[in-house]
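> Quick one, what's the 3D model for this:
(one chain, ligands or ions: 1)
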Amino acid sequence: MKPGRLRAFRERLELVLGDRAEDAFRYLLEGRPPTYVRVNTLKADVESVVESLERAGARLEETPLPYAFRVLEAPGPLGSSLEHVAGLIYVQDLASMLPPELLSPEPPGPVIDACAAPGSKTTQLAQLMEGRGVILAVDVDPRRVRSLAHNVERMGAVNVIVARGDVTRLRVGAPYVLLDPPCTGEGTFHRDPHARETWTPRKVRRFARKQERLLRAVVRLLPPGGRLVYSTCTLSPEENELVIHRVLGEDERFRIVDARPRWLRPHTVPGLTEWEGRELRRDLRNAFRVDPASLRSDGFFIAVIERVP
Ligand SMILES: C[S@@+](CC[C@H](N)C(=O)[O-])C[C@H]1O[C@@H](n2cnc3c(N)ncnc32)[C@H](O)[C@@H]1O
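Residues are numbered from 1 along each chain as shown. As a prediction, this is how the structure comes out:
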């Protein structure tokens with residue numbers, strides 16, 4: 001990253017993470033990203049998969065999620081292991097497992113995963129629903145839809161329907177919606193050199209426009225009593241709080257709720273209710289950023305939005 005951009009990124013981090021910014025900056029720019037695996041409980045129980053990985057030479061550490069493990073040592077890349085090919089595991093960052101956890105869908109759903117490929121969250125939703133009910137997994141990119149379909153099949157997620165198309169044209173509603181739109185990926189700088197090297201404040205604004213269009217479209221799919229999780233692996237307010245504020249305004253039919261489990265709280269920072277002198281919806285403080293250095297994960301922003309019954 002060029003020195004000027006690096007400075008700009010660091011200054012912006014201070015505005016969103018306060019006294020955690022320094023550690024987060026070092027972690028995202030210099031840290032070695034940890035690997036996490038999610039055990040696919042649709043196909044096997046957690047103990048047997050852990051045993052099989054450990055027999056093959058892996059060393060795993062538990063996390064607060066009963067099916068997720070940090071990989072301390074592995075005999076080789078787990079993405080090409082037998083367990084992976086057989087759909088017993090999915091290599092997925094711990095923070096990326098939070099949006100499905102917080103959406104917490106009950107079968108039969110239905111659930112709409114609006115930007116689904118390559119399917120890490122779709123297949124996690126399928127296991128949270130124990131393979132019951134229906135998940136409509138939509139993505140616009142044909143190449144990525146192929147990976148999505150492959151992962152859905154690999155994980156044995158029989159309750160998932162894969163659809164290729166622009167989700168802004170969807171006209172069916174659902175009580176559970178996950179929107180994980182494309183973003184600048186600031187929270188993945190430690191493992192994505194492309195995101196790091198191509199980051200500019202202008203790129204942030206470009207993604208923000210796209211995210212706003214997507215959120216505006218999918219919020220309409222939510223009936224009274226429905227829940228929508230908006231998540232990004234980026235930290236900029238323009239792609240997060242400002243998108244939500246622009247779409248929801250002060251609309252009281254929606255409320256942003258604090259759904260963080262107790263274990264997660266120390267690793268998070270509340271959402272902003274003011275940016276550049278402008279007041280935002282007050283309930284945005286219930287949204288949050290995951291501090292990557294604290295959770296040893298990607299940086300994420302997550303908002304749980306409910307439509308009042
Ligand atoms: C951050 S990725 C999603 C990652 C995915 N949720 C996961 O956890 O594996 C964003 C996705 O949004 C898709 N996308 C962008 N615009 C879209 C649109 N208008 N309709 C549906 N999908 C779209 C992109 O093709 C991309 O695959």
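
> rest of the way, CA atoms for contacts and neighbours
Will do.

> show me what contacts the closest residue to Tyr67 other than its chain neighbours?
Using CA to CA, 6 or more residues apart in numbering and skipping residues adjacent in sequence, the residue nearest Tyr67 is Val39, 5.2 Å away. Applying CA atoms under 8 Å, 6 or more residues apart in numbering, we find Val39 in contact with Asp45, Val46, Val49, Tyr67, Ala68, Leu88, Ile89, Tyr90.

> at 6 Å what do you get?
Contact partners of Val39, counting by CA atoms under 6 Å, 6 or more residues apart in numbering, are Tyr67, Leu88, Ile89.

> gap between the closest residue to the second one other than its chain neighbours and Ser48?
The spatial neighbour of Leu88 that comes closest, neighbours along the chain excluded (CA to CA, 6+ apart), is Asn40 at 5.0 Å. Applying CA to CA, to the nearest Å, one obtains 11 Å for the distance of Asn40 from Ser48.

> Pick out whichever of the two has more residues nearby.
Taking neighbours as other CA atoms under 10 Å, Asn40 and Ser48 compare with Asn40 leading, 26 against 12.

> List the backbone torsions phi and psi for the residue nearest to Tyr67.
Backbone geometry at Val39, expressed as degrees, to the nearest 10, gives phi -80, psi 130.

> Let me know the pLDDT of it.
Confidence at Val39, expressed as pLDDT, is 98.

> tell me which parts of this structure are close to the ligand?
For the chain, the contact set with the ligand under CA under 6 Å from any ligand atom comprises 114-121, 138-141, 144, 165-168, 180-182.

> I'd like to know which of the residues you listed are buried.
With neighbours counted using 16 or more other CA atoms under 10 Å, the residues of the chain next to the ligand contain these buried positions: 114-121, 138-140, 144, 165, 167-168, 180-182.

> Now, those that are in strands?
Secondary structure from DSSP state E places Val138, Asp139 of those in strands.

> Could you measure from the residue of the stretch 201-309 of the chain found nearest the ligand over to Asp166?
Per CA to the nearest ligand atom, Leu214 is where the stretch 201-309 of the chain lies closest to the ligand, at 6.4 Å. Here the criterion is CA to CA. By it, Leu214 lies 9 Å from Asp166.

> same check, this time on Arg202
Taken as CA to CA, the spacing of Arg202 relative to Asp166 amounts to 24 Å.

> So which residues of the stretch 151-300 of the chain form helices?
Across the stretch 151-300 of the chain, reading from the start of the chain, the helices by DSSP state H, counting those that start in this stretch fall at 193-197, 201-219, 241-248, 292-295.

> ranking those helices by burial, who's on top?
When the helices of the stretch 151-300 of the chain are scored by mean count of other CA atoms under 10 Å, the highest mean neighbour count falls to helix 241-248 (a mean of 20).

> and that one with helix 201-219, angle?
For helix 241-248 and helix 201-219, the angle between their directions (axes from the mean of the first three to the mean of the last three CA atoms, to 10 degrees) works out to 40 degrees.

> Pull the distance from helix 241-248 to the chain's centre.
Taking the mean C-alpha point of helix 241-248 and that of its whole chain, the gap between them comes to 18 Å (CA atoms, centre = their mean, to the nearest Å).

> Show residues contacting that helix.
The contact list for helix 241-248, computed with CA under 6 Å, 6+ apart, reads Glu212, Arg216.

> and that helix, what's its mean pLDDT?
The predicted model assigns helix 241-248 a mean pLDDT of 98.

> how about the CA coordinates for it, as CSV?
Backbone C-alpha positions of helix 241-248 (Å, rounded to 0.1, in the frame of the first residue of the first chain) are rendered in CSV as follows:
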residue,chain,number,x,y,z
GLU,A,241,-23.7,2.6,9.0
LEU,A,242,-24.2,5.2,6.2
VAL,A,243,-25.7,2.5,3.9
ILE,A,244,-28.1,1.5,6.6
HIS,A,245,-28.9,5.1,7.5
ARG,A,246,-29.6,6.1,3.9
VAL,A,247,-31.9,3.1,3.4
LEU,A,248,-33.8,3.1,6.7
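
> for the residue nearest to Arg70 when sequence neighbours are not counted, phi and psi?
Beyond its immediate neighbours in the sequence, the residue positioned closest to Arg70 (CA to CA, 6+ apart) is Tyr36, lying 4.4 Å away. With angles defined as degrees, to the nearest 10, Tyr36 shows backbone torsions of phi -120, psi 150.
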